[in-house]
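Asks: could you work out the structure for the sequence below:
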Amino acid sequence: MSTTEETKKMLDDGKNLKEIVKERGLKFETILDHIEKINDFNEKLIYLTEEIFEYKQAEIISKNSKLMDYDYHNHH
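Replies: Residues are numbered from 1 along each chain as shown. Below is the predicted model of the structure:
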């Protein structure tokens, strides 16, 4: 079973992205990559969209806060 198929099986078992990331010890991006390779990707995407969106939002916020910290330390 390929790593993508393993991810697909976990999705089919009803696991969410956070559970898969945790259980497989892979990065969120890696799991997203697998999902994009899955044939019934669009069907999966419907119920994963919210979770992906939350992740992307958190990622953007953490990048921004790092930038803000960086600016703060350099200019004060």
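
Asks: okay, helices next: where are they in the protein?
Replies: For the chain, the helices defined by DSSP state H occupy 3-12, 17-24, 28-37, 41-75.

Asks: pretty sure I31 is touching E19, no?
Replies: No - in this structure, I31 is not within contact of E19 by C-beta atoms under 8 Å, at 10.2 Å. The way it works is simple: take the backbone N, C-alpha and C, and place the C-beta from them, glycine included.

Asks: is it true that T4 touches K37?
Replies: Yes - with contact defined as C-beta under 8 Å, T4 reaches K37; the gap is 4.9 Å.

Asks: ok, the residue nearest to K9 when sequence neighbours are not counted to E54 distance?
Replies: In this structure, K9 finds its nearest non-sequential neighbour in M1, 7.3 Å apart by C-beta to C-beta, 6 or more residues apart in numbering. M1 sits at a distance of 29 Å from E54 (criterion: C-beta to C-beta, to the nearest Å).

Asks: look at the two and report which has more neighbours.
Replies: Ranked by neighbour count (other C-beta atoms under 10 Å), M1 and E54 place E54 first, with 12 against 7.

Asks: ok, now which ones touch T30?
Replies: Not one residue lies near T30 by C-beta atoms under 8 Å, 6 or more residues apart in numbering.

Asks: renumber starting at 26 from here on
Replies: In the new numbering, first residue 26, that becomes T55.

Asks: report pLDDT for Q82.
Replies: Reported pLDDT at Q82 in the predicted model: 74.

Asks: setting the sequence-adjacent residues aside, check what's closest to Y80.
Replies: In space, Y80 is closest to F53, 5.6 Å off (C-beta to C-beta, 6+ apart).

Asks: ok so, going back, which of I56 and E44 has more neighbours?
Replies: Using other C-beta under 10 Å, the more surrounded residue of I56 and E44 is I56, with 23 against 13.

Asks: from I56, how far off is D37?
Replies: Distance from D37 to I56, by C-beta to C-beta: 14 Å.

Asks: quick check: closest non-adjacent residue to I63.
Replies: Closest residue in space to I63, ignoring its immediate chain neighbours: K33 at 5.0 Å, by C-beta to C-beta, 6+ apart.
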